[in-house]
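> Sequence isn't available, so here's the structure alone:
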């Protein structure tokens with residue numbers, strides 16, 4: 001049995017939409033991404049949002065399509081022809097753990113392709129080990145002040161919002177201390193593009 005025969009009508013429709021989107025991306029843009037002339041093609045993300053191809057599994061209340069994992073895999077298989085720069089776990093974190101206010105403020109524009117996001121986990125010394133992170137969060141009243149450095153931050157170059165992992169000071173247990181923060185791009189956030197990684201061109205990985 002062919003893979004095509006195993007898909008539902010809705011999945012075949014989604015597959016066709018994604019194939020059409022992939023075909024619309026200029027070949028020159030892909031060549032420029034391969035050579036690092038273009039490190040973060042924001043218009044590529046915006047177009048996917050306009051076509052309703054982002055946030056496929058997320059609640060329609062926030063602009064998603066409410067589809068199952070199997071449908072998203074169909075879409076990812078097609079977009080994989082271009083690369084992995086459309087794949088993000090930040091929206092997933094906000095969708096599952098965020099407040100309604102955060103979903104309204106951040107998730108909706110992310111799904112519409114209007115807000116770029118990135119995830120800051122890996123550090124120069126601790127790699128991608130959650131609990132070895134040295135980034136610190138100091139609490140003062142209702143505000144947290146983060147201090148630290150991340151590297152290989154997926155999507156950082158075009159990000160308006162960064163999901164940053166850090167340990168809250170004053171909590172001895174590293175697992176209890178580890179917290180995720182939504183950090184908006186602005187003063188105090190320094191983003192520097194260093195180089196691309198093989199197979200993931202165009203995702204804007206930075207320090």
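Yes, it's here. Since the model is a prediction, treat every value here as computed from it, not as a measurement.

> Show me which positions of stretch 65-76 end up buried.
65, 67, 71-72, 74-75 (16 or more other Cβ atoms under 10 Å). Glycine gets a C-beta too; all of them are placed from N, C-alpha and C.

> Just these: which are in helices?
71-72, 74-75 (DSSP state H).

> Mind picking the one among these that's closest to residue 22?
Residue 22 lies nearest to residue 75 out of those, by Cβ to Cβ, at 10.2 Å.

> Contacts only, for the closest one.
14-15, 18, 53, 56 (Cβ atoms under 8 Å, 6 or more residues apart in numbering).

> Could you pull out the strands in this protein for me?
For the chain, applying DSSP state E gives strands covering 117-120, 136-140, 143-147, 161-168, 178-184.

> got CSV for those strands, with mean pLDDT and distance to residue 47 too?
As requested, the strands of the chain are exported to CSV (pLDDT from 0 to 100; distance: least, Cβ to Cβ, whole Å):
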stretch, mean pLDDT, distance to residue 47
strand 117-120, 88, 17
strand 136-140, 93, 36
strand 143-147, 92, 33
strand 161-168, 92, 20
strand 178-184, 92, 24
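
> Give me whichever of those strands is most buried.
strand 117-120 (a mean of 26; mean count of other Cβ atoms under 10 Å).

> Can you name every helix or strand that the biggest helix by length in the chain contacts?
Longest helix in the chain, counting residues (DSSP H): helix 9-24. Applying 3 or more Cβ pairs under 8 Å, 6 or more residues apart in numbering; DSSP states H and E, we find helix 9-24 packed against helix 42-50, helix 69-79.

> ok now the last one, how far from the chain's centre?
Taking Cα atoms, centre = their mean, to the nearest Å, one finds helix 69-79 lying 16 Å from the centre of the chain it belongs to.

> likewise stretch 155-169?
11 Å.

> swap in stretch 138-149?
With Cα atoms, centre = their mean, you get 23 Å for stretch 138-149.

> tell me how far the ends of that stretch are from each other?
Stretch 138-149 stretches 15 Å from its first residue to its last (Cα to Cα, to the nearest Å).

> Alright, I will stop here.
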